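Asker: Test case, fold it:
(4 chains)
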There are 2 protein chains.
Amino acid sequence: MLVSLIKGLPLRSRGAKRLAMADVSSPRPPTAHDVARLAGVSQSAVSRAFTEGASISAKTREKVIAAASALGYRPNILARSLTMESSKLVGMVVGSFDNPFFAAALDRFTASLSQRGLRTLLLTAETNATVDEQVAELLSYRVRAVILLAVNLSSTLAAECARSGIPVVLFNRTTEDDQGGFTVTGDNAAGAAAIAARFMATGKRRIAFMAGYEDSSTSRQREAAFRSALAAAGLPEPRRAIGYYTRAGAIAAIRALLADPADRPDALFCANDMMALAAIETMRGMGLEPGRDCAVAGFDDIPMAAWPSFALTTYSQPIDAMVAQAVAFITDDAADQRNVVIAGELKLRETA
Amino acid sequence: MLVSLIKGLPLRSRGAKRLAMADVSSPRPPTAHDVARLAGVSQSAVSRAFTEGASISAKTREKVIAAASALGYRPNILARSLTMESSKLVGMVVGSFDNPFFAAALDRFTASLSQRGLRTLLLTAETNATVDEQVAELLSYRVRAVILLAVNLSSTLAAECARSGIPVVLFNRTTEDDQGGFTVTGDNAAGAAAIAARFMATGKRRIAFMAGYEDSSTSRQREAAFRSALAAAGLPEPRRAIGYYTRAGAIAAIRALLADPADRPDALFCANDMMALAAIETMRGMGLEPGRDCAVAGFDDIPMAAWPSFALTTYSQPIDAMVAQAVAFITDDAADQRNVVIAGELKLRETA
DNA sequence: CTGTTAGCGCGTTCAC
DNA sequence: GTGAACGCGCTAACAG
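Answerer: Below is the predicted model:
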């Protein structure tokens, strides 16, 4: 115990370092100790001055605040998180920004979280394969929660999150096996059924479906509901193409679908709006008028769907309600449900 | 010094808390100490096992790794940042996601930063007024750098960042007064001049300009260069409208511009593509064909500009190069320039 | 190569 | 209401 007294100052002592770095570009930011010294109070007084509802006299607080702003002091949130054993960070893993639906969701998420004092740590994942690494990293940041936008997590890592007590919210995705997380999606089943109904009500018979990619729970659910609605009405199985949720993929898919003039579909349901827009433009490029020669419907109701150039009929995903639910999952502790479906509505426009 | 030996265990000792929280949902994640105990080594050995290029024997490392994965141990990055006195966080403040240009930029930024081991702390700012609060908060997180997407910072806070040695990068914005930060923009002057030249080469004479908002350096620079190019050719001042960088604003602005059939512009340069697209659709709604009845040009070259429905002539902002430059500013310490302009090119399509 | 020790900046008990 | 002391989990210096 006495050793330290004898040993002398350690090399990394604050004063020494300060001196050594005096001429370097990045000076160390002031600490609560510095403020305390200047204000003539203890470090804990400084801490209390910055803590809501701590027992401290108005006079001391004032002194502290003055000293703090003189020094440009700002509490180190990292250190705070360390003692508090929890950060205000929420990890967000996003698949692709190509779809404005997800860009908008991210926007609402950060705003909504920010309102509750939570901050967004953003990671992007090119493929589902990298999601695991990303989430593992988030665990290292001791995030409050993890939100996955249109990507999936392995059960292994989902379990690890659960073990760490970190809630995982899947946005616009579900899992077959219950991973113990939360999910919030649009009403894929109702939407697909509504679109099938619309097609049938307008006398369509040669119906096609454009999937996202096979792994996507969203695409699968929409397709399943669509198929069963058609089947229930005695219609043949829809023709099928895969657009991979990309514009290029959708264009290739629609070309294949329309290749044979003798066997063209008279209605097409695309798993999302972005693909539907690509389909519309491709049809026009081939001299076909969407809505007249071939009905087109999408899913999401992104802003562009309403633009006059497209006037796309689509089933909406109420983004604000979806985000609100996802945020509620991680801020309200008592959740009666774990998988929530938010109903949208069929937006009838000109293409179907 | 001896006091602690006499006082006995503090209430918050780890064991006690563990016990108290045994039945609570969130167990504490394992620490390096836990791993050390299980592996029969010291805590610093654990630290070394997780540090690239630390001097540790293969055998010890293996023992540690085994114990770590048995416990599900993950180094606490927050604690690490505390001792390292620097985090791997980069703060990013984004104005609006409405414009796909910025959504794409954010995407590239996170990917590019991630590649260098840096993480994105994302904040959104509705107005320029809130940017200061956001950046102040970022300072608390001891971020490595701050990147501002299409928003501006007060000189006060810019100075504070400088004092803390935190580089600030303005993306797609500049400041009148040198704030000591970095800026990277597209070539507003060259782009505007190229568009003016195109209008004049195609015989346009009644030329109009649609601004973003008055505060926007980007809009101002484009307008200034545009005006001076016209003036140099002896053309009258362009008519002017403000679209506020929003679709609704642009629609209102273009309506006003086209209100009087006797005095319609025959060419329109919009400060960005999103407004140009709105202008195109609005013209069509009024029975005017863009490119024939009135030339339209934009700025950015967002993906939609190339869509056949629009075929918008525009000056491109090479987003990858711009992001790369911005990232270089904060990762390469020796910057020879502080304000970089990335050249784009005029994309001639059908509207002009 | 390894264990011991001293902080990093802060919140928090415990005595006063 | 206030200061001293401790610990959050980790890295870095030091002595062996």
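Asker: check contacts around the residue most central in space within chain A.
Answerer: In chain A, the C-alpha nearest the mean C-alpha coordinate belongs to A:Leu149, at 3.5 Å (CA atoms, centre = their mean). By CB atoms under 8 Å, 6 or more residues apart in numbering or on different chains, the contact set of A:Leu149 is A:92-95, A:102, A:105-106, A:109, A:171-172. C-beta here means a position set from N, CA and C on the backbone, and glycine is covered the same way.
Asker: quick one: the strands in the stretch 151-300 of chain A?
Answerer: A:168-171, A:182-186, A:207-211, A:239-242, A:267-270, A:295-300 (DSSP state E, counting those that start in this stretch).
Asker: Which strands or helices does the fourth one pack on?
Answerer: Contacts of strand A:239-242 with other secondary structure elements, assessed using 3 or more CB pairs under 8 Å, 6 or more residues apart in numbering or on different chains; DSSP states H and E, are made with strand A:207-211, helix A:247-258.
Asker: Packed most tightly, which of those would that be?
Answerer: strand A:207-211 (a mean of 25; mean count of other CB atoms under 10 Å in any protein chain shown).
Asker: Check the gap between the residue of the stretch 251-352 of chain A found nearest chain B and B:Ala279 for me.
Answerer: Proximity of the stretch 251-352 of chain A to chain B (CB to the nearest CB) peaks at A:Ser309, 4.6 Å away. According to CB to CB, to the nearest Å, A:Ser309 stands 12 Å off from B:Ala279.
Asker: Report the contact partners of the closest residue to A:Ala45 other than its chain neighbours.
Answerer: Sequence neighbours aside, A:Thr60 is the residue nearest to A:Ala45 in space, at 5.7 Å (criterion: CB to CB, 6 or more residues apart in numbering or on different chains). Taking CB under 8 Å, 6+ apart as the contact definition, A:Thr60 lies against A:39, A:41, A:45, A:49.
Asker: Out of those, which is nearest to chain B?
Answerer: Distances from chain B to the contacts of A:Thr60, taken by CB to the nearest CB, are shortest for A:Ala49, at 15.2 Å.
Asker: I figured the closest one was touching A:Val64, is that so?
Answerer: Yes: A:Ala49 lies in contact with A:Val64 (CB atoms under 8 Å); the separation is 3.8 Å.
Asker: For the stretch 201-350 of chain A, which segments count as helices?
Answerer: Taking DSSP state H, counting those that start in this stretch, the helices of the stretch 201-350 of chain A run over residues A:217-232, A:247-258, A:273-285, A:319-331.
Asker: repeat for the stretch 1-150 of chain A
Answerer: With DSSP H, counting those that start in this stretch as the criterion, the stretch 1-150 of chain A has helices at A:3-7, A:14-20, A:32-39, A:43-49, A:58-71, A:77-84, A:100-115, A:128-140.
Asker: Excluding chain neighbours, what is closest to A:Leu106?
Answerer: A:Val94 (6.0 Å).
Asker: List the residues that contact the one you found.
Answerer: Neighbours of A:Val94 in contact, by CB under 8 Å, 6+ apart: A:102, A:106, A:122-125, A:149-151.
Asker: Select only the buried ones of these in PyMOL?
Answerer: In PyMOL, this line selects whichever of the contacts of A:Val94 come out buried by 16 or more other CB atoms under 10 Å in any protein chain shown:
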select buried, chain A and resi 102+106+122+123+124+125+149+150+151
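Asker: Could you dump the contacts of A:Val94 into JSON lines and include distance to DNA strand C?
Answerer: As requested, the contacts of A:Val94 are exported to JSON lines (distance: CB to the nearest atom of the strand, whole Å):
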{"residue": "A:Phe102", "distance to DNA strand C": "35"}
{"residue": "A:Leu106", "distance to DNA strand C": "29"}
{"residue": "A:Leu122", "distance to DNA strand C": "25"}
{"residue": "A:Leu123", "distance to DNA strand C": "25"}
{"residue": "A:Thr124", "distance to DNA strand C": "30"}
{"residue": "A:Ala125", "distance to DNA strand C": "31"}
{"residue": "A:Leu149", "distance to DNA strand C": "31"}
{"residue": "A:Ala150", "distance to DNA strand C": "36"}
{"residue": "A:Val151", "distance to DNA strand C": "34"}
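Asker: Closest to DNA strand D out of the contacts of A:Val94?
Answerer: Closest to DNA strand D out of these is A:Leu123 (20.0 Å), distances taken as CB to the nearest atom of the strand.
Asker: Tell me if I'm right that that closest one and A:Leu89 touch.
Answerer: No: the pair A:Leu123 / A:Leu89 is not scored as a contact, 11.5 Å apart, by CB under 8 Å.
Asker: I'd like the distance between the residue lying closest to the residue of the stretch 251-352 of chain A closest to chain B once chain neighbours are set aside and B:Arg349.
Answerer: In space, and not counting its chain neighbours, A:Ser309 is closest to B:Ser309: 4.6 Å by CB to CB, 6+ apart. Distance from B:Ser309 to B:Arg349, counting by CB to CB: 11 Å.
Asker: Repeat that for A:Thr185.
Answerer: According to CB to CB, A:Thr185 and B:Arg349 sit 38 Å apart.
Asker: Nice, that's everything, thank you.
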